[in-house]
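S.K.: mind looking at a prediction? Sequence and model below.
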Protein chains: 2
Amino acid sequence: MVRDKSYLLIPGPTPVPPAVMAAMSKPMFGHRTQEFAGLYHRVVEKLKLVFNTRGDVFVLTNSGTGAMEAAVANTVSPGDKVLALITGNFGERFANIARAYGAQVVEVNFGWGNCVDLKTVEEKLALHPDTKVVLATQNETSTGVVNDIRGIGSLVSQTPALLLVDAVSGAGAIEIRVDDWGIDMLCTASQKAFMLPPGLSMITVSPKAWEVVQSNSSPRFYFSLPACRKNIEKWNTPYTPAVSMFLGLEAALDMMLEEGLPNVYARHALLARATRKAVLELGLQLLAPDHCASHALTAVWGPRGIDADELRQVARKEYKVAFAGGQGELKGKIFRIAHMGFCDKTDVVVAVSALEMALARLGWPVELGRGVKAAQEVFLKAV
Amino acid sequence: MVRDKSYLLIPGPTPVPPAVMAAMSKPMFGHRTQEFAGLYHRVVEKLKLVFNTRGDVFVLTNSGTGAMEAAVANTVSPGDKVLALITGNFGERFANIARAYGAQVVEVNFGWGNCVDLKTVEEKLALHPDTKVVLATQNETSTGVVNDIRGIGSLVSQTPALLLVDAVSGAGAIEIRVDDWGIDMLCTASQKAFMLPPGLSMITVSPKAWEVVQSNSSPRFYFSLPACRKNIEKWNTPYTPAVSMFLGLEAALDMMLEEGLPNVYARHALLARATRKAVLELGLQLLAPDHCASHALTAVWGPRGIDADELRQVARKEYKVAFAGGQGELKGKIFRIAHMGFCDKTDVVVAVSALEMALARLGWPVELGRGVKAAQEVFLKAV
């Protein structure tokens, strides 16, 4: 098998485009320079277009969980009531971070594979008028469910509570409008739809959030947003930034803006539609219901009688196609096909064809090419 | 002036060798794989050789300050007495991190340009027998002073206190022996002597430190060392690691081990000696006294009547040679020449020759070539 001919179809890290790789390979330079300041300035202006915000945007040198912790550490003081809207593994993680900071967490668990129900959110907010912070997940990576952040925002913005959104695997793949939707802090990261290696995260801060940040009493240093704000006056960072990744981020943002954000989102929606159609055509079941299926990844129940992880192993070993497994309670039961970032129609064809061949090898009654055909039809109809 | 012909002689980020860049440019792969587990395992084994420890080593996805915060967040509980040994900007930063975590900080400030005096440490430890944590800097990047960590360790290890060492700009350039010297936590980072871009940090944890970590009550999630320990059982990380930088780290460690660590340290010592000799020969004054001058960088007082930052600007603009400026109280007064990581004799020649030409341009009475000759003599004598 020829080396390096492999397909990374997991929901992060995702493949890095050649232009991004080239940008990251430029000679190193100092971060306390006009060169870096200009770069950071440009990157932030471009991120504001993706996030649809006129508020503050900071780029942090850590992975997405670090941005989520920055959001919590700067807004949650010990004893604060936090409403955690949970639809899977990463919703649970957000709640756990709040717990680590001494929050009184009210968990609202909608179940893995379901999305947030707005009526329940409305009731919970009424029941807990002293809620200081609401935690929500835009795109739940563990289940391939996308939540209605706009709807959640319209409810939370009527209260004094802040809305913190984990958009780690969603932003850049699925439209998000920070200002219009009342998102007080949006957290995302480099290694998903932004097409970079892991190691950078991004966070937005609304004026409403800043008021809380200032009076917050939790310990924070590396994740201090006031320190970020002070330094960004000169387009600098409080601590040494991952310089080469900033170069890569600009290259990735340029790719996204050149394609056009509406086209980027339409591409992700199309790839999701084709993937779902193909999987159903093969007789497999989808985890997420249609109305809240993610455009960034598709979670699929393993075929009856076959361990989903065994299926993944065959796809990986025989065809060098990597799908992700199930997390937590879904381990071995589902597999996940990502179609985010540097991904296009041909990747879906590769994914589906590898899935077909792996199913056949494991003795599942599959009609070879049937899923591929279904995907092709979706693509041709979309022209 | 030809593009990209530039010399980065600042104490981090430092130039990235081609082999490291190539390693980081490999196709992305998932972090929950045998491939990553093998990589992390090998990297940790190699780091143990550099740190001279049989204890735990973790690699974190954040810059060096994050590792320093991890050390503090896992060992300092609110109200704990912390003895901070300060010799410059980064000693102050370590103390500030402890303050952010509610420590009662006893500052012992030896002054910028001086090193830690062991007798004073002994007295302070006796005066504060309830000290829980001692903070020390191996190589103070702001002044080019190296502290006697072995001596500090021999004092602290006789007490119940933990010794946390910031070796961000020292480890890999100057020998450090974690186990023999009684270092409970060593923090370092990728973008100095380890020749990588910024974005990774490394931390060691002694058995004595683990006992404190377990009972610590400070909030920590991204920086949780218990989470690191749990995950490293399967050679994994609790949160998405900067995969490509791990690849680069292995390549850099291979370079260091191939050269041989004693040779790496001897090279740094030689470059420092040549730089100091050359600078003195040009009639400039050194900041650090001989007995505690760093092998990783050399801090130089600006020539009388000339702003050190103006001198740097000329070197940078005319010869594309970047020196670092002074920090805090030394801003505009000193400049710093780094000779760490991917650096050899020719870099010192370039640095000194650019310094000579910049001095001449600014009207300082300099005999061109005199500093270069001094450096050359040091190199030839060392053969």
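M.R.: That came through fine. Numbers count the residues shown, from 1 in each chain, chains lettered A, B, ... in the order given.

S.K.: now the residue in the stretch 251-383 of chain A that chain B sits nearest to. Its backbone dihedrals?
M.R.: Of all residues in the stretch 251-383 of chain A, the one sitting closest to chain B is residue A:322 (6.0 Å; CB to the nearest CB). Glycine gets a C-beta too; all of them are placed from N, C-alpha and C. Residue A:322 adopts backbone torsions of phi -100, psi 120, taken as degrees, to the nearest 10.

S.K.: for the longest helix that chain A contains, which helices and strands make contact with it?
M.R.: In chain A, taking DSSP state H as the definition, the longest helix is helix A:261-281. Judged by 3 or more CB pairs under 8 Å, 6 or more residues apart in numbering or on different chains; DSSP states H and E, helix A:261-281 is in contact with strand A:297-301, helix A:345-361, helix A:370-382.

S.K.: so residue A:248 sits in a helix?
M.R.: Yes: assessed by DSSP: H, G, I helix; E, B strand; the rest coil, residue A:248 belongs to a helix.

S.K.: residue A:57 belongs to a strand, doesn't it?
M.R.: Yes: assessed by three-state DSSP, residue A:57 belongs to a strand.

S.K.: what about it, distance to residue A:187?
M.R.: 11 Å (CB to CB, to the nearest Å).

S.K.: who touches both of the two?
M.R.: Counting by CB atoms under 8 Å, 6 or more residues apart in numbering or on different chains, the common neighbours of residue A:57 and residue A:187 are A:202, A:203.

S.K.: who has more neighbours, the two?
M.R.: Per other CB atoms under 10 Å in any protein chain shown, whichever of residue A:57 and residue A:187 has more neighbours is residue A:187, with 27 against 22.

S.K.: in three-state terms, how would that one be classified?
M.R.: Per three-state DSSP, residue A:187 ends up strand.

S.K.: for the closest residue to residue A:232 other than its chain neighbours, give the beta-bridge partners.
M.R.: The shortest distance from residue A:232 to any non-neighbouring residue, by CB to CB, 6 or more residues apart in numbering or on different chains, is to residue A:58 (6.6 Å). Taking DSSP bridges as the rule, residue A:58 bridges to residue A:203.

S.K.: tell me, how many residues neighbour residue A:217?
M.R.: 12.

S.K.: residues touching it, list them.
M.R.: Applying CB under 8 Å, 6+ apart to residue A:217 gives the contacts A:77, A:78.

S.K.: phi and psi next, for it.
M.R.: Per-residue torsions, residue A:217: phi -110, psi 10 (degrees, to the nearest 10).

S.K.: can you list the domains in chain A?
M.R.: Following automatic domain parsing, chain A resolves into domains at A:7-13+A:261-382, A:18-257.

S.K.: tell me the most buried of the ones you listed?
M.R.: A comparison of the domains of chain A by mean neighbour count, using mean count of other CB atoms under 10 Å in any protein chain shown, puts domain A:18-257 on top with a mean of 22.

S.K.: what's the span of that one, first residue to last?
M.R.: Terminal residues of domain A:18-257 lie 17 Å apart, using CA to CA, to the nearest Å.

S.K.: do stretch A:80-98 as well
M.R.: Criterion CA to CA; first-to-last residue distance in stretch A:80-98 is 9 Å.

S.K.: so what's the gap between that stretch and the chain middle?
M.R.: On the basis of CA atoms, centre = their mean, to the nearest Å, stretch A:80-98 sits 15 Å off its chain's mean C-alpha point.

S.K.: and what of stretch A:104-123?
M.R.: 19 Å.

S.K.: hmm, back to that, make CSV from the helices and strands packed on helix A:261-281 and add mean pLDDT and distance to residue B:329 to it.
M.R.: Listed next are those as CSV, based on pLDDT from 0 to 100; distance: least, CB to CB, whole Å:
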stretch, mean pLDDT, distance to residue B:329
strand A:297-301, 98, 52
helix A:345-361, 98, 56
helix A:370-382, 97, 64
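
S.K.: contact partners for residue A:194?
M.R.: Here residue A:194 is in contact with A:171, A:172, A:188, A:249, A:252, A:253, A:256, A:341 (CB under 8 Å, 6+ apart).

S.K.: of the residues you listed, closest to residue B:358?
M.R.: Closest to residue B:358 out of those is residue A:249 (33.8 Å), distances taken as CB to CB.

S.K.: quick check: closest non-adjacent residue to that closest one.
M.R.: Here the nearest residue to residue A:249 in space, its sequence neighbours aside, is residue A:43; by CB to CB, 6+ apart that works out to 5.5 Å.

S.K.: so what pLDDT did the one you found get?
M.R.: The confidence metric pLDDT takes the value 98 at residue A:43.

S.K.: OK, now which residue of the stretch 51-200 of chain A is nearest to chain B?
M.R.: Using CB to the nearest CB, the closest approach of the stretch 51-200 of chain A to chain B is made by residue A:199 at 3.5 Å.

S.K.: residues in contact with that residue?
M.R.: A:61-63, A:190-191, A:242, A:245, B:61, B:199-200, B:242, B:244-245.

S.K.: distance to residue B:262 added to these, as TSV?
M.R.: Putting the contacts of residue A:199 into TSV (distance: CB to CB, whole Å) gives the following:
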residue	distance to residue B:262
A:61	32
A:62	34
A:63	36
A:190	38
A:191	38
A:242	31
A:245	33
B:61	30
B:199	28
B:200	25
B:242	30
B:244	30
B:245	26
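
S.K.: so can I have TSV of the domains of chain A showing distance to residue B:312?
M.R.: Below are the domains of chain A laid out as TSV (distance: least, CB to CB, whole Å):
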stretch	distance to residue B:312
domain A:7-13+A:261-382	38
domain A:18-257	11
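
S.K.: who wins for proximity to residue B:181 among those domains?
M.R.: Shortest distance between residue B:181 and the domains of chain A, using CB to CB, is found for domain A:18-257: 26.0 Å.

S.K.: off-centre distance for that closest one?
M.R.: Taking the mean of its C-alpha atoms, domain A:18-257 sits 10 Å from the chain's own mean (CA atoms, centre = their mean).

S.K.: on that earlier part again, now do the same for the residue of the stretch 251-383 of chain A closest to chain B: its pLDDT.
M.R.: On pLDDT, residue A:322 comes in at 98.

S.K.: how close does residue A:350 sit to residue A:359?
M.R.: Counting by CB to CB, the gap from residue A:350 to residue A:359 is 15 Å.

S.K.: surely the residue of the stretch 251-383 of chain A closest to chain B and residue A:9 touch.
M.R.: Yes: between residue A:322 and residue A:9 there is a contact at 5.9 Å, judged by CB atoms under 8 Å.

S.K.: next, show the common contact partners of the two.
M.R.: Counting by CB under 8 Å, 6+ apart, nothing touches both residue A:322 and residue A:9.

S.K.: name the helix or strand for the most centrally placed residue in chain A, please.
M.R.: Chain A has residue A:169 as the residue nearest its centroid, 1.0 Å off, counting by CA atoms, centre = their mean. Here residue A:169 is covered by no helix or strand, with elements defined by DSSP states H and E.
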